[in-house]
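Asks: just a sequence and a predicted model for now, questions to come.
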Amino acid sequence: INAFSLGATTRNLGKMYYVAEPSGTTENALYTVTLKDGTIIHVDLDRSESVRALFFQKKQLYGVFYDGDLGTAGLYKIARATGVTTLVLDLSDLDLEPIPGAFTSFGDYYYMLAKPEIDSTQRRLLKFKTRAGSAKVLEVKDAAGLPVACDKFKPNAARQNFVCLASTNSETQVDLYRLSLRGKATFVNTLPGILRVGGGHTLLTLDQNRYYAFVYVPDEPNNQRLIKFNSKGTVLSNLVLDRISIGGHFQSEIPVSARQ
């Protein structure tokens, strides 16, 4: 594999799906991995843009594609057998760059964090369904109206909101926020001893109560940690990793899926 599209991974019925460039090409392909035996197959996609999210709704695979050069974005159906994509929801007029892997669902909607193309220090909460005209954009701000740079998030069902990780502009600390379904961010805690979060899809959860993230700590630029923490920002464990990871799925984690 020549290049990996960060954030574009999903699981369904014992298989993992991701998008990458096969060696020697400049076009994307959809890879399917059978988790039981590691068998990998791929089909060429008819799109070459960056894939920022993949997810299933029932048996249908969807992807959020983004082209930074053209400023285009959209939600597409993906035919797994042929690699043919079909536009479902055009997001180009929103002038947003979807953040790789910063995707989840809650209730009837899918949610994704994005950056305004004119100001990458701000964040927007993109809310949508798998149909045309369904997209809504919400500003991610605190009670004082200041922008909060959330980059990773997952649902906290008990509180009817999200847990969000935000790095400072200087990447010297990582803050945990509660993020409402309307984009209001409430500071909870600074994760102790954490410098920045890793790239790609790095926020995981088993039960919407305990969360996991790949992070970096001060004075360890070439090492990575896997931390476990709760919705109060208390770090419960801190494991040193011997290789850099950009994402993962728990074997027992149920892929998110909005209701029909």
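Replies: Ah, there it is. Numbering: from 1, shown residues only.
Asks: wait, is residue 118 part of a strand?
Replies: No. Residue 118 is assigned coil when assessed by DSSP: H, G, I helix; E, B strand; the rest coil, not a strand.
Asks: so where's the stretch 1-150 of the chain uncertain?
Replies: 1-7, 24, 26 (pLDDT under 70).
Asks: and the strands in it?
Replies: 3-12, 15-21, 29-34, 40-44, 50-57, 60-67, 72-78, 85-90, 96-106, 109-116, 124-128, 136-139, 150-156 (DSSP state E, counting those that start in this stretch).
Asks: any idea which of those gets closest to residue 205?
Replies: Each of those has some distance to residue 205 by C-beta to C-beta; the shortest is strand 150-156, at 4.9 Å. Every residue, glycine included, has its C-beta placed from N, CA and C.
Asks: count of neighbours near residue 109?
Replies: Neighbour count of residue 109, defined by other C-beta atoms under 10 Å: 16.
Asks: cool, and residue 154?
Replies: Using other C-beta under 10 Å: residue 154 sits among 21 other residues.
Asks: quickly list what it is bridged to.
Replies: residue 163 (DSSP bridges).
Asks: closest to residue 238 out of the strands of the stretch 1-150 of the chain?
Replies: With C-beta to C-beta as the measure, strand 150-156 is the member of those nearest residue 238 (17.2 Å).
Asks: next, the contact list for residue 134, please.
Replies: By C-beta atoms under 8 Å, 6 or more residues apart in numbering, the contact list for residue 134 reads 89, 128.
Asks: repeat the analysis, applying 6 Å as the threshold.
Replies: Applying C-beta atoms under 6 Å, 6 or more residues apart in numbering to residue 134 gives the contacts residue 128.
Asks: same check on the one 4 residues further on?
Replies: Applying C-beta under 6 Å, 6+ apart, one finds that residue 138 lies in contact with 125, 182-183.
Asks: any idea how far residue 64 is from residue 87?
Replies: Here the criterion is C-beta to C-beta, to the nearest Å. By it, residue 87 lies 12 Å from residue 64.
Asks: what about these two, which has more around it?
Replies: residue 64 (27 against 11).
Asks: from memory the more buried one sits against residue 53, does it?
Replies: Yes. Judged on C-beta atoms under 6 Å, residue 64 makes contact with residue 53 at a distance of 4.2 Å.
Asks: so what's the residue count around the nearest residue to residue 17 once chain neighbours are set aside?
Replies: Excluding the flanking residues, the one nearest residue 17 by C-beta to C-beta, 6 or more residues apart in numbering is residue 10, at 5.2 Å. Burial of residue 10 is recorded as 20 neighbouring residues (other C-beta under 10 Å).
Asks: if I look at residue 10, how far off is residue 231?
Replies: From residue 10 to residue 231 the distance is 24 Å (C-beta to C-beta).
Asks: no further queries at this time; thank you.
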